[in-house]
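Colleague: Quick one: sequence plus predicted model below, questions after.
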Amino acid sequence: MGTAITECILMGHGASEFLSRISDPFWFQAFGAVMGMDWHSSGITTSVMRALKRGLNSRFDDLGLIVCGGRGRHSVRTPEELRSFGLRTGLDGDALARTSRLTARVDNNAIADGFQLYLHAFVITKQGEWAVVQQGMSESTRLARRYHWHSAAVRDFCSDPHTAIMGQPQGKILNLADVRADRARDALLTIAEMPVEASLNDARKLTMPAHHDVRPKDIDLKRLGAVLAVAHQKELRDFSSLLLVEGLGPRTLQSLALIAEVVHGTPSRFSDPARFSFAHGGKDGHPFPVPLKAYDESLAVLRRSLHAARLNHTEKLEGFRRLDQLTRAVESSQDPLADFHKTVAREWEISKSVGGRTVMDDRVETKRKPAPLQCSLF
C-alpha cells in the first residue's frame, strides 16, 4: 500500500514533493494511519520506513528513489549503502555518508533532550535530493521522538535544519546549538577549537496524546463526515465510482477517499492524522480491526490505476484527484458532521464480513499452532 501511494504521488507531483511530504510529521502520521498502522505509536515510524525500503528499493530504475538505513543495525549500514548508491548514480557517496552522520549527530548529540536515536532512514532520489526520518527513545519515559529533515529546507546544519520534530515537550533542555547558547558555545569553541556555525532553533513539535484508542477530540468530525458522505450517500457514491471509473462498494470508497487525500492533500489537511485510521483501521484494533477485504480492494484499484497510467491512460489515476476535490466540495457545501461513536460501532459491526483482523489474532493463531523447527546460522 505504501509503495502504491508513493508511486501515485511521484507520478502526479514528483519526487521532490514526496520528500517534502515525508518530512512533514502530520502527513507522515496520516500516511502510516492510512496504511493500517497503529495510528500514533512509535512503531509507525519503523513500520512505514521498512515497508518503503522493501517496496521502493527494488523499483529504483522505475521510480528513481531508494531508502537507506533503518532501525538498529540497519542504521549503522547507512553510510555504506549511500556510498554504493553514489557509485551507482555518479553522486558523491562520501558526501552523502557525511550528511547521514551529521544529521544523526545533530539530533543525538547537539540536542540533549534525553532521546537516543535507534532509527535512521535516509530517502534519496537519483538526482541527490534527500529526506531523513530518524527516531529516538527516552529510556526513562519509554517515549519516542521523531526528527524530520528535507535537503531543500537545510541552509545550515546548525541553523534550524529540521522541517519538524515530533514528540511531547520536555521542558528546558540543553541545546548547545541553540542561538541562546552563544556564550556556552563560544567557550566550547575556545577550548576545543571546533568551527561551529550559527544555531539550531526550536522546531515545531507535534504532540500525540498518551492514549492508543482513537477519540472524537483527536479528529476533525466535519472532514470525516465528508468522507463518510461520499462513501455512503447513494448519489455521491455513484458519482465517486464514476470519477474513479470503478464499480465500488461504500467501504472501499471510504478507504479510497482518504487515500486520495494523502496523495493530493495540502499540508493543512493533516492536522488530525487520527482521521486517516478510518481508511483501514489499525493493526492494534483502534479504532477498529484492519478490514483486509477493503484493504486488498483499495490496493487493487491503486495498482490498476498505476498500470493504466504507465500506459498513458491517466483517467483512473486522475480520478483520485477528482475524488479528493469532490470530498472537499461536500465538506464545504453540505457541512457534514460525523457521528464518531456510531461510525466506530458500525465498523466493528461489519468487521467480520470485511475480513477484520488485528495483531492479536495473529498471536492467538501462533499459540494454537506448534512452532516450526528452526536452524540458527549464528
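Modeller: Good, I have the coordinates.

Colleague: now the protein, which segments are flagged as low pLDDT?
Modeller: 39-40, 112, 158, 169-212, 362-378 (pLDDT under 70).

Colleague: Swap in 50 and give it another go.
Modeller: 177, 188, 191-205, 371-378 (pLDDT under 50).

Colleague: buried set for the longest strand along it?
Modeller: Secondary structure of the chain read by DSSP state E shows that its longest strand is strand 116-125. Residues 117, 118, 119, 120, 121, 122, 123, 124, 125 are the ones in strand 116-125 that count as buried (16 or more other CB atoms under 10 Å). C-beta coordinates here come from the backbone N, C-alpha and C atoms, glycine included.

Colleague: The residues you listed: which two are farthest apart?
Modeller: The most widely separated members of the buried residues of strand 116-125, counting by CB to CB, are 118 and 125 (25.6 Å).

Colleague: quick one: residue 146 and residue 166 touch, right?
Modeller: Yes: using CB atoms under 8 Å, residue 146 is in contact with residue 166, at 4.4 Å.

Colleague: Could you pull out the residues contacting both of these two?
Modeller: Common contacts of residue 146 and residue 166, defined by CB atoms under 8 Å, 6 or more residues apart in numbering, comprise residue 25.

Colleague: For the stretch 251-378 of the chain, just list every one of the strands.
Modeller: Ranges of strands within the stretch 251-378 of the chain are 290-291, 356-357, based on DSSP state E, counting those that start in this stretch.

Colleague: what pairs with the first one, and is each one parallel or antiparallel?
Modeller: Which is strand 290-291. strand 356-357 (antiparallel) (DSSP bridges).

Colleague: so how far is the partner strand from its chain's centroid?
Modeller: In terms of CA atoms, centre = their mean, to the nearest Å, the gap separating the centre of strand 356-357 from the centre of its chain is 22 Å.

Colleague: so residue 136 is in which element?
Modeller: Applying DSSP states H and E as the criterion places residue 136 in strand 130-137.

Colleague: could I have that strand exported to PDB, CA atoms only?
Modeller: Only the C-alpha atoms of strand 130-137 are listed here, as PDB (Å, rounded to 0.1, in the frame of the first residue of the first chain):
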ATOM      1  CA  TRP A 130      17.100  13.700   0.200                       C
ATOM      2  CA  ALA A 131      15.000  13.400   3.300                       C
ATOM      3  CA  VAL A 132      15.900  12.000   6.700                       C
ATOM      4  CA  VAL A 133      13.500  10.400   9.200                       C
ATOM      5  CA  GLN A 134      15.000   9.300  12.400                       C
ATOM      6  CA  GLN A 135      13.600   8.400  15.800                       C
ATOM      7  CA  GLY A 136      14.900   8.400  19.400                       C
ATOM      8  CA  MET A 137      13.800   6.800  22.600                       C
END
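
Colleague: next SSE after it?
Modeller: strand 144-150.

Colleague: between the helix or strand following that next one and strand 130-137, how big is the angle?
Modeller: Next in sequence after strand 144-150, counting helices and strands by DSSP H and E, comes strand 162-166. Per axes from the mean of the first three to the mean of the last three CA atoms, to 10 degrees, the angle that strand 162-166 makes with strand 130-137 is 30 degrees.

Colleague: Given strand 162-166, what are its sheet partners and their directions?
Modeller: Here strand 162-166 has these sheet partners by DSSP bridges: strand 144-150 (antiparallel), strand 205-206 (parallel).

Colleague: Out of those, which is the most enclosed?
Modeller: strand 144-150 (a mean of 24; mean count of other CB atoms under 10 Å).

Colleague: tell me the angle of it relative to strand 116-125?
Modeller: Counting by the same axes, to 10 degrees, strand 144-150 lies at 30 degrees to strand 116-125.

Colleague: just how off-centre is strand 144-150 within its chain?
Modeller: Computed by CA atoms, centre = their mean, the chain-centroid distance of strand 144-150 equals 11 Å.

Colleague: now do stretch 285-292
Modeller: In terms of CA atoms, centre = their mean, the centre of stretch 285-292 is found 18 Å from the chain centre.

Colleague: now the end-to-end length of that stretch.
Modeller: 13 Å (CA to CA, to the nearest Å).

Colleague: Check which residues of it are buried.
Modeller: For stretch 285-292, the neighbour count (16+ other CB under 10 Å) marks 285, 286, 287, 288, 289, 290, 291 as buried.

Colleague: from those residues, which is closest to residue 260?
Modeller: residue 291 (17.7 Å).

Colleague: Pull the contacting residues for that closest one.
Modeller: 251, 280, 281, 347, 350, 351, 354, 355, 356.

Colleague: May I have the residues that are in contact with the second one?
Modeller: What it means is residue 280. For residue 280, the contact set (CB under 8 Å, 6+ apart) comprises 1, 34, 35, 36, 255, 290, 291, 294, 295, 298.

Colleague: Pipe the contacts of residue 291 into JSON lines and attach distance to residue 239 per row.
Modeller: Output for the contacts of residue 291, formatted as JSON lines (distance: CB to CB, whole Å):
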{"residue": "251", "distance to residue 239": "17"}
{"residue": "280", "distance to residue 239": "23"}
{"residue": "281", "distance to residue 239": "26"}
{"residue": "347", "distance to residue 239": "23"}
{"residue": "350", "distance to residue 239": "23"}
{"residue": "351", "distance to residue 239": "27"}
{"residue": "354", "distance to residue 239": "23"}
{"residue": "355", "distance to residue 239": "27"}
{"residue": "356", "distance to residue 239": "28"}
